[in-house]
Every structure is written in C-alpha cells, then in structure tokens.
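*Asks:* Predicted coordinates and the sequence they were generated for:
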Amino acid sequence: MHLKGENVKMVRKLGVIVLCMFAFGYALVPIYRAICEMTGINVLALGDRQIPGATAKAPDNTQVDLSRTITVEFDANSRGPWHFKPAKNSLQVHPGELTTVMYEFQNVQNRTMSAQAIPSYAPAQAGAHFNKLECFCFSQYTLAPGEKKQWPVVFVIDNKLSKDVSTITLSYTFFEVGGKTPAAPVTSAAPLAQPAPDA
C-alpha cells in the first residue's frame, strides 16, 4: 500500500509539471510582448500605427555609422500550405539606420487560419544587435480563405555589432497556431515479390 501511495504522489507531481510546461508555452507570446512594452522598443514605431496613407517625418538619427555597410538578407519559411515571402531578398544598411522591409503573406487554403512567425538570425551573435522596433512576429494573425497581407519589419542594427560581421540573415518561420503539422508525403512502393517455396 505504501508503494502505491508513493506512485500516486509521483503521478500527481508529474501531472503538475506537465500542466506548468503547457501553460508556459502559451504564456511566451504575452511575456514577449510585455517585455517589449517595458523596455520601450516599440516607441519609435508609433508613427507606423497612424492612419494608412498618412506620412510622418522620421526623426533625424545622428547615430548612423556611414563608414560601415551591412548586407541584410531576408528569408521566409512556411510550415503549411500558404505563400510567405519578403518583398526584397536583401538590403544594404548602415548600423544605426532605421530600415523597413515588407513581408507578403497569402492564405491559399479554403478555410480561415491563424498563424505566427518566429525569427532567427545568422550569425547567431547578430541577434543581440538586431533591434526590431515593429514586427509582425510580435502577434498572431487570422486570415480568411485567399486573404493577402503585407506586414512591415522595422529594425535598427546596433553600432556595437562586431566589425567582423558584414552580412546578417534574418529568417522567419511562419506556422499555423493550433494547426496540425502537414504529414510527410506517402510514397507508393510496389509490394515485394514473395520467394517461391522450395520444390
């Protein structure tokens, strides 16, 4: 009986751990958004939220390092049946320069879907110096069947980036929230011939 009681306690503890891990996974996006709001990294992007078509003069930036040029390559990966790509494959920017690039997305399915993007950087050390002021990766989006969207990424590369780095690749993986990962294609193989019985 004592052993059974210990097993029940262990199962309960493991159940609590699983629930905590599951809750943490759902809490990552709001935590990320809260950190962005606390640090104020979205402050410079407030002009992007004005009425569409309205133009706002960007403040002069005296921190631009015109002596350096960095090539930023843009990559898009889709985990599902939809179209996702950057409007430009690459740009040349100066550290400290405020830059905007657009990404295009289309839901080509015959159903509504919700999706979100996760960014990654190469080389990895560039991630700490790639400051996104506005990014579609901050939120989840719901798109109707056939709906097209364009989303901006507004960023500044920190002057403290190592001078050895001349190219940065910003890559996004766009995945469906709550959706099933597409199964691998099934290959049709011919059945193996059975050996003839010995005479």
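*Replies:* Structure's in. What do you need? Numbering: from 1, shown residues only.
*Asks:* domain parsing for the protein?
*Replies:* 1-39, 42-49+62-176 (automatic domain parsing).
*Asks:* Report the mean confidence score over the longest one.
*Replies:* Per-residue pLDDT values across domain 42-49+62-176 average out to 84.
*Asks:* Just the buried positions in stretch 166-173, please.
*Replies:* By neighbour count with 16 or more other Cβ atoms under 10 Å, stretch 166-173 contains the buried residues 168, 170, 171, 172, 173. Every C-beta, even on glycine, is put in place using the N, C-alpha and C of the backbone.
*Asks:* do stretch 95-111 as well
*Replies:* Across stretch 95-111, burial judged by 16+ other Cβ under 10 Å covers 95, 96, 97, 98, 101, 103, 105, 107.
*Asks:* Look at it and report the distance between its end residues.
*Replies:* 42 Å (Cα to Cα, to the nearest Å).
*Asks:* do the same with stretch 123-138
*Replies:* Termini of stretch 123-138 sit 22 Å apart (Cα to Cα).
*Asks:* now stretch 159-168
*Replies:* Terminal residues of stretch 159-168 lie 14 Å apart, using Cα to Cα.
*Asks:* mind listing the helices for this protein?
*Replies:* 2-39 (DSSP state H).
*Asks:* Quick check: residue 176 touching residue 78?
*Replies:* No: look at residue 176 against residue 78 with Cβ atoms under 8 Å: they stay out of range, at 9.7 Å.
*Asks:* residues making contact with stretch 110-119?
*Replies:* Applying Cβ atoms under 8 Å, 6 or more residues apart in numbering, the external contacts of stretch 110-119 come out as 29, 80, 82, 103, 105, 107, 132, 135-137, 139-145, 170-179.
*Asks:* Look up the closest residue to residue 178, ignoring the ones flanking it.
*Replies:* Take residue 178 and drop its neighbours on the chain: the residue closest to it by Cβ to Cβ, 6 or more residues apart in numbering is residue 114, 6.7 Å away.
*Asks:* Neighbours of the one you found, how many?
*Replies:* Neighbours of residue 114 under the rule other Cβ atoms under 10 Å: 13.
*Asks:* Give the bridge partners for it, please.
*Replies:* Per DSSP bridges, the residues bridged to residue 114 are residue 142.
*Asks:* same check, this time on the one 4 residues further on
*Replies:* When assigned by DSSP bridges, residue 118 has beta-bridge partners residue 173.
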